[in-house]
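In: Build the 3D model from these lines:
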Amino acid sequence: MLSTKHGFSGFSVRDIEATRAFYTETLGLKVSPDAMGILEITLPGGASVIAYPKDDHVPATFTVLNLVVDDIDVAIDELAAAGVSMQHYDGMEEQDEKGVLRGRAANMGPDIAWFLDPSGNVLSVLTD
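Out: I've put the predicted structure just below:
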């Protein structure tokens, strides 16, 4: 078995300053840059993830970060007020007009909605 001290995840971004602004000002997370231009994003609960600049960045086509919220409708309204749009995916007719896949009502998982960061990476808000 591997003995580890701690872990973290990371993803690339196109514009480090736009990323810093989005994660601090729009999402309200603590972001700390290091000397190499990498951003450490502190998540609720204390874990962290890094965002690093990449010249040939290609947005992730999968969810790179999930943020758990108490009320998904309030979270979506707050994101919308900040200019963030929810993603509506073809073939996912279960998403409602707000872009929420309402799994709780169907007893099939969380309520979840997806949106993009400034680099096009997929993020979500969901209830647990």
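
In: Would you state the helices of this structure in chain order?
Out: 16-21, 72-81 (DSSP state H).

In: Nearest to Ile50 among those helices would be which one?
Out: helix 16-21 (10.7 Å; Cβ to Cβ). For every residue, glycine as well, the C-beta is placed using N, CA and C.

In: just checking, what packs against that closest one?
Out: strand 30-33, strand 39-42, strand 48-53 (3 or more Cβ pairs under 8 Å, 6 or more residues apart in numbering; DSSP states H and E).

In: residues of that helix that come out buried?
Out: Ile16, Thr19, Arg20 (16 or more other Cβ atoms under 10 Å).

In: Look up the pLDDT of the last one for me, please.
Out: Looking at Arg20, its pLDDT reads 97.

In: give the contact list for the closest residue to it other than its chain neighbours.
Out: With sequence-adjacent residues excluded and distances taken as Cβ to Cβ, 6 or more residues apart in numbering, Arg20 is closest to Val31, at 5.3 Å. Contacts for Val31 (Cβ atoms under 8 Å, 6 or more residues apart in numbering) come out as Arg20, Tyr23, Thr24, Leu39, Glu40, Ile41, Thr42.

In: Just the buried ones from these?
Out: Counted by 16+ other Cβ under 10 Å, these give Arg20, Tyr23, Leu39, Ile41 as buried.

In: those strands in the chain, which residues are they?
Out: Assigned strands in the chain, in chain order: 9-13, 30-33, 39-42, 48-53, 63-68, 101-102, 111-116, 122-126 (criterion: DSSP state E).

In: so how far is the third one off the chain centroid?
Out: With Cα atoms, centre = their mean, to the nearest Å as the basis, the distance from the averaged C-alpha position of strand 39-42 to the chain average is 13 Å.

In: Mind putting the helices and strands packed on helix 16-21 into a markdown table with mean pLDDT?
Out: Putting the helices and strands packed on helix 16-21 into a markdown table (pLDDT from 0 to 100) gives the following:
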| stretch | mean pLDDT |
| --- | --- |
| strand 30-33 | 96 |
| strand 39-42 | 96 |
| strand 48-53 | 96 |
